[in-house]
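**Student:** Below are the sequence and a predicted model for it; my questions follow.
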Amino acid sequence: MPGRILVVDDVATNRIILKVKLASACYEVLQASGGAEALKMAQRDRPDLILLDMAMPDIDGLEVCRRLKSDPRTCEIPVIVITAFDDTPSKLAALEAGAEEFLSKPLDDLGLLARVRSLLRAGSISAELALREGTRQALGFADPAAGFAQAGRICLVAGRDATAHSWRRKMAVVVNDHIEVRNSADALRDIESDNAPDVFVIAADLEHPGDGLMLLSELRSRPTTRHSAVIIAVEHRSLNAASMALDLGASDIVSLPLDVEELALRLRAQLKRKRQSDRLRRRVRDGLQMAVTDPLTGLFNRRYAMSHLTLIRDRAIASNRGFAVMLLDLDRFKSVNDTHGHAAGDEVLKSVTRTIQAHLRNVDLIARVGGEEFLAVLPEITPEAALKAAERLREAVAAQPIPLPTPAAPTKTLIQTVSIGLVSFCSGPSGSPETLSELLDRADRALYRAKSDGRNRVTTSAPTRAAA
């Protein structure tokens, strides 16, 4: 299942309609008929997203949302408030209560599913960062004291500079962060990783219709702005543009003409999320670099990988989801050192590392666990998708000529291949699931078969399910 969604509504017909819509997109749907039941289910079942009706007889939706956001066990679960009202005060009240979005009935299927996909995608990344933070703490690294939050940097991009400056004047009344105005070209030019804006607010239509969405795609594709929040401003009721923006990676959507109070609330939420993500990334990068990374490749080492893999396995069992593990070994690597020297061997290791990183997802863990052996852990992936990823990775390594640091022959290159043992773990009914040792043993045997069968190939081991 791509996500578990809790639908909260006191009207059974409304719950059933939403369940049918979401189940058709392969989401797992839980149902609650009131606020009290929703709070219990959120704590017990930990859904990935909550669709919450505002009007309920026992506890109204806004109070439920406030309680969810004040409880450490449920505060990270995104909430979409759904109501028959479509007025600005109701929307602001929902956002102030902590809701990520406010949708009015009747619901547009395209817009609803786009917003669900967007929030689940953001939640998945946040959960992975939090999981890596848990690994860091499990290894005994203490948290630094929380510092004072600096003002955020907000960049406004509109079709006309006059429009963007008008936004800035209105926002200055309700926003204390630094606000700057750029055109679309300047938004992409001269942005270094340490000074990229925290949040971009971009009109969907700039000089031409859809230009803002193209700019969004560019920002998401560049390392310096990949983690910046992006809020796209679309014309009121422009559902297609809003849905497309969310699927392209927009963090949030606002309607034109801008309501500065609503925008201020959305900016506050995006800045909070951005600071939290930046903080977690810095902790992982700085706190673990010396202790749990390989100095040659910069990858995590075996110590970190085993701790993280334990957390991945435990989470898969708790959420009834699967993951995959790859063991990659460089073919005939000893001959590289013997023939070309250890400097050439080091260059091969670094080149293969770059290829692996380029062909796996950001949420996948990659570690160097031996001299020429690598481990990749792919959370929340099906066996079929894992096999495609492994084959794509194997082909990419074999297709990449590696320049060798040989002074006598500076243009000499080498083709390196890898053998991959792939295993998938699929959590099943309660019982005694496969241990970490058993999982890695299967991966090792699959790798051995790949070597024995001629190298430069992927060999799989059948998925294991928890015993009934």
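**Tutor:** Good, I have the coordinates. Numbers count the residues shown, from 1 in each chain.
**Student:** Quick check: R15 touching L30?
**Tutor:** No: in this structure, R15 is not within contact of L30 by CB atoms under 8 Å, at 9.9 Å. Yep, even glycine has a C-beta here, placed from its N, CA and C like the rest.
**Student:** which residues are common contacts for the two?
**Tutor:** Residues within reach of R15 and of L30 at once, by CB atoms under 8 Å, 6 or more residues apart in numbering, are V7.
**Student:** what number of residues lie near N456?
**Tutor:** 18 (other CB atoms under 10 Å).
**Student:** got a list of what it touches?
**Tutor:** Neighbour list for N456: D331, R394, A398, T417, V418, S419 [criterion: CB under 8 Å, 6+ apart].
**Student:** now do L112
**Tutor:** K21, L103.
**Student:** do L248 as well
**Tutor:** L248 is in contact with L213, L216, S217, R220, counting by CB under 8 Å, 6+ apart.
**Student:** So the nearest residue to the last one once chain neighbours are set aside: helix, strand or coil?
**Tutor:** Spelled out, it's R220. Nearest non-adjacent residue to R220, counting by CB to CB, 6 or more residues apart in numbering: G249, 4.2 Å away. Classification of G249 by DSSP: H, G, I helix; E, B strand; the rest coil places it in coil.
**Student:** Can you verify my assumption that G249 contacts E218?
**Tutor:** No: with contact defined as CB under 8 Å, G249 does not reach E218; the gap is 10.7 Å.
**Student:** And these two? Which one has more around it.
**Tutor:** Shown here are G249 and E218; by other CB under 10 Å, G249 has more neighbours (18 against 13).
**Student:** and the more buried one, how far is that from S70?
**Tutor:** G249 sits 30 Å away from S70, going by CB to CB, to the nearest Å.
**Student:** C-terminal to the least confident helix or strand in the chain by mean pLDDT, which secondary structure element comes first?
**Tutor:** Ranked by mean pLDDT, DSSP states H and E, the helix or strand of the chain with the weakest confidence is helix 288-292, at a mean of 65. Using DSSP states H and E, the helix or strand that follows helix 288-292 in sequence is helix 302-319.
**Student:** what does the average pLDDT come to for that next one?
**Tutor:** Average pLDDT, helix 302-319: 88.
**Student:** following that helix, which helix or strand comes up?
**Tutor:** Using DSSP H and E, the helix or strand that follows helix 302-319 in sequence is strand 322-330.
**Student:** tell me which element I420 falls in.
**Tutor:** Using DSSP H and E, I420 sits within strand 418-426.
**Student:** what pairs with that strand, and is each one parallel or antiparallel?
**Tutor:** strand 322-330 (antiparallel), strand 458-465 (parallel) (DSSP bridges).
**Student:** Pull out the buried positions in the helix or strand hosting A245.
**Tutor:** Assessed by DSSP H and E, A245 sits inside helix 239-247. The neighbour-count check on helix 239-247 (16 or more other CB atoms under 10 Å) flags A241, A242, S243, M244, A245, L246 as buried.
**Student:** Please apply the same query to stretch 77-91.
**Tutor:** Buried residues in stretch 77-91 (16+ other CB under 10 Å): I77, P78, V79, I80, V81, I82, T83, F85, S90, K91.
**Student:** now, which of the residues you listed lie within strands?
**Tutor:** In strands, judged by DSSP state E, the following of those are found: V79, I80, V81, I82, T83.
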